[in-house]
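Enquirer: next one to model:
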Amino acid sequence: MIRYNLSCDDGHDFEGWFASSDDFDSQVERHLVTCPTCGSGSVSKQLMAPAVSTARKKETTRALVMDRAQKETIAKIRELVNSIRENAEDVGERFPEEARRIHYGEAEQRGLIGKASADEAIALLEEGIEIAPLPVLPDDAN
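Expert: Residues are numbered from 1 along each chain as shown. Have a look, this model is predicted:
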């Protein structure tokens with residue numbers, strides 16, 4: 001769809017949506033496009049700037065989407081994730097093994113963080129071992 005800024009011969013400005021430029025021309029020829037203010041059928045397109053997507057426009061859109069409440073929520077989640085990381089032992093790739101050892105009483109009870117494949121995580125959950133992924137949060141710099 002194409003949006004055109006239009007005006008009638010009495011100077012009223014309005015807009016119209018058309019499937020194509022040819023569709024606009026066809027509707028004007030058949031007197032289907034009229035001014036919503038005065039009903040004039042003498043309608044013409046106005047000069048329009050093309051819609052160009054820029055990095056600044058994308059950043060403005062992103063800022064509008066990420067409102068204050070969302071930013072505050074992400075900050076709280078980030079704080080929670082940082083607290084978990086500070087109070088847990090990072091066992092890296094040994095996470096599934098260490099989680100099992102703790103669950104079955106073979107190692108002392110403590111908080112763990114580490115890495116597990118999707119299959120390993122499913123296996124841990126099926127064994128009744130409670131685990132949860134830490135969220136990946138948007139970077140403040142972007």
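Enquirer: give me the next element, helix or strand, following the worst-scoring helix or strand of the chain on mean pLDDT.
Expert: Ranked by mean pLDDT, DSSP states H and E, the weakest helix or strand in the chain is helix 55-65, scoring a mean of 64. Next in sequence after helix 55-65, counting helices and strands by DSSP states H and E, comes helix 68-86.
Enquirer: tell me how far that following helix lies from the chain's centre.
Expert: Counting by CA atoms, centre = their mean, to the nearest Å, helix 68-86 is centred 18 Å from the centre of its parent chain.
Enquirer: what does that helix contact?
Expert: Helix 68-86 is touched from outside by 111, 113, 134-135, 137-138, with contacts defined as CB atoms under 8 Å, 6 or more residues apart in numbering. (Each C-beta comes from the backbone N, C-alpha and C, glycine too.)
Enquirer: who wins for most neighbours among the residues you listed?
Expert: In terms of neighbours by other CB atoms under 10 Å, these top out with I113 at 15 neighbours.
Enquirer: so it bridges to which residues?
Expert: D90 (DSSP bridges).
Enquirer: now L137: how far from A75?
Expert: When distance is defined by CB to CB, to the nearest Å, L137 is 9 Å away from A75.
Enquirer: and for Y4?
Expert: With CB to CB as the criterion, Y4 and A75 are 44 Å apart.
Enquirer: which secondary structure elements does the helix or strand where I102 lies contact?
Expert: Element membership for I102 (DSSP H and E) is helix 95-103. The contact analysis (3 or more CB pairs under 8 Å, 6 or more residues apart in numbering; DSSP states H and E) places helix 95-103 against strand 112-114, helix 118-126.
Enquirer: send me that helix as CSV with only the CA atoms.
Expert: Taking C-alpha atoms only, helix 95-103 is exported to CSV below (Å, rounded to 0.1, in the frame of the first residue of the first chain):
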residue,chain,number,x,y,z
PHE,A,95,27.4,-28.2,36.1
PRO,A,96,25.3,-31.4,35.4
GLU,A,97,27.8,-33.6,37.3
GLU,A,98,27.9,-31.2,40.3
ALA,A,99,24.2,-30.7,40.4
ARG,A,100,23.7,-34.4,40.6
ARG,A,101,26.3,-34.8,43.3
ILE,A,102,24.5,-32.2,45.4
HIS,A,103,21.0,-33.6,44.7
